[in-house]
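Asks: fold the following and give me the result.
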Amino acid sequence: MAANRQQGGYLGEFIVGFTMFPAGLVLFTASSHVIGFVLAIAGLGLLAHSAVGFYRIKKLEYSNGS
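Replies: This is a model prediction of the structure:
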């Protein structure tokens, strides 16, 4: 799925964040637990970090002239 190790790491991070964010929101809205809020914030942080990582390594793909 990923062309190199960095892309694979950010892809895995994106998948975990994509799972944690809505799970945290559901847990927080269903029973108003603090752990749901923490999961949602952590998931959102992982999504943001993976997006920044994907943006930074995108430049490396096109620098070889292909």
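
Asks: what is the burial count for G17?
Replies: The number of residues packed around G17, counting by other C-beta atoms under 10 Å, is 19. C-beta coordinates here come from the backbone N, C-alpha and C atoms, glycine included.

Asks: mind telling me what element it is part of?
Replies: Secondary structure here is read from DSSP states H and E; on that basis G17 sits in helix 5-31.

Asks: which SSE is immediately downstream of that helix?
Replies: Moving toward the C-terminus from helix 5-31, the first helix or strand encountered (DSSP H and E) is helix 34-61.

Asks: got the angle for the helix or strand of the chain with the lowest mean pLDDT vs helix 5-31?
Replies: None of the helices or strands of the chain scores lower by mean pLDDT, DSSP states H and E than helix 34-61, at a mean of 88. Comparing the axes of helix 34-61 and helix 5-31 via axes from the mean of the first three to the mean of the last three C-alpha atoms, to 10 degrees yields an angle of 160 degrees.

Asks: which strands or helices does helix 34-61 pack on?
Replies: Under the contact criterion of 3 or more C-beta pairs under 8 Å, 6 or more residues apart in numbering; DSSP states H and E, the helices and strands touching helix 34-61 comprise helix 5-31.
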